[in-house]
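# model this:
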Amino acid sequence: MPYCSHCGNQVGETNVYCARCGARQPVTPAAARDPFAGLSPRTASILCYIPLVGWIASIVVLAADRFRDDRIVRFHAFQGLYLFVAWLIADQVLGPMFGFIPHMHLGELFRAVVLGLWIFMIVKASHEEAYSLPIIGELAARSVAEH
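Residues are numbered from 1 along each chain as shown. Predicted coordinates:
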């Protein structure tokens, strides 16, 4: 239990004024609680590869102070972001570009490949491996090195 800074009387932890002398007590700021304290690096890495929504986890992981110095988690976050960009290219560019050609489903094939890569990377991240995909992995490694 804390004591009054002026007269030494015992005061409650939440008391703003001393009951005996009326002196204002110094306010100790509440410690900031880290929302990612219970999140392991392995879980954070896996969340970055959740299809279609992993980009949100990637941005949160990259912005979190807890993982600022963890190069492997940051690598997974960048690689997850770049996989999402590959998905967008397949969905918004390749699909419409090759959609008018009959019997040529390159957009769907590319989307299936990206989905397979997401699943593959979830497995790799769950085994705590920093597997580098071609092209995308090199970009992610460069992005981590720039930090």
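# what secondary structure does residue 12 sit in?
Classification of residue 12 by DSSP: H, G, I helix; E, B strand; the rest coil places it in coil.
# okay, now it: neighbour count?
By the measure other C-beta atoms under 10 Å, the count of residues near residue 12 is 10. For the C-beta atoms, the positions are set from N, CA and C on the backbone; glycine is no exception.
# measure it to residue 27 for me?
13 Å (C-beta to C-beta, to the nearest Å).
# What is the worst-scoring helix or strand of the chain on mean pLDDT packed up against?
Least confident helix or strand of the chain, by mean pLDDT, DSSP states H and E, is helix 95-98 with a mean of 75. Judged by 3 or more C-beta pairs under 8 Å, 6 or more residues apart in numbering; DSSP states H and E, helix 95-98 is in contact with helix 106-126.
# domain ranges for this protein?
Listed by automatic domain parsing, the domain ranges of the chain are 1-30, 41-146.
# Give me whichever of the ones you listed is most buried.
A comparison of the domains of the chain by mean neighbour count, using mean count of other C-beta atoms under 10 Å, puts domain 41-146 on top with a mean of 17.
# Quick one: the helices in the chain, in order.
Applying DSSP state H to the chain gives helices spanning 41-47, 54-63, 71-89, 95-98, 106-126, 136-146.
# so which of those gets nearest residue 8?
Closest approach to residue 8 among the helices of the chain (C-beta to C-beta): helix 54-63, 45.1 Å.
# which residues touch the most centrally placed residue in the chain?
Residue closest to the average C-alpha location in the chain (C-alpha atoms, centre = their mean): residue 61, at 1.9 Å. The contact partners of residue 61, by C-beta atoms under 8 Å, 6 or more residues apart in numbering, come to 44, 47, 48, 67, 73, 74, 76, 77.
# pLDDT on stretch 82-89, on average?
Per-region confidence: stretch 82-89 scores 93 on mean pLDDT.
# same check, this time on stretch 109-118
Over the span of stretch 109-118, the pLDDT mean works out to 90.
# so where's this structure shaky on pLDDT?
1, 28-34, 99, 103-104, 147 (pLDDT under 70).
# what do you get if the cut-off is 90, keeping everything else the same?
For the chain, applying pLDDT under 90 flags the ranges 1-20, 22-39, 52, 65-66, 89-112, 130, 146-147.
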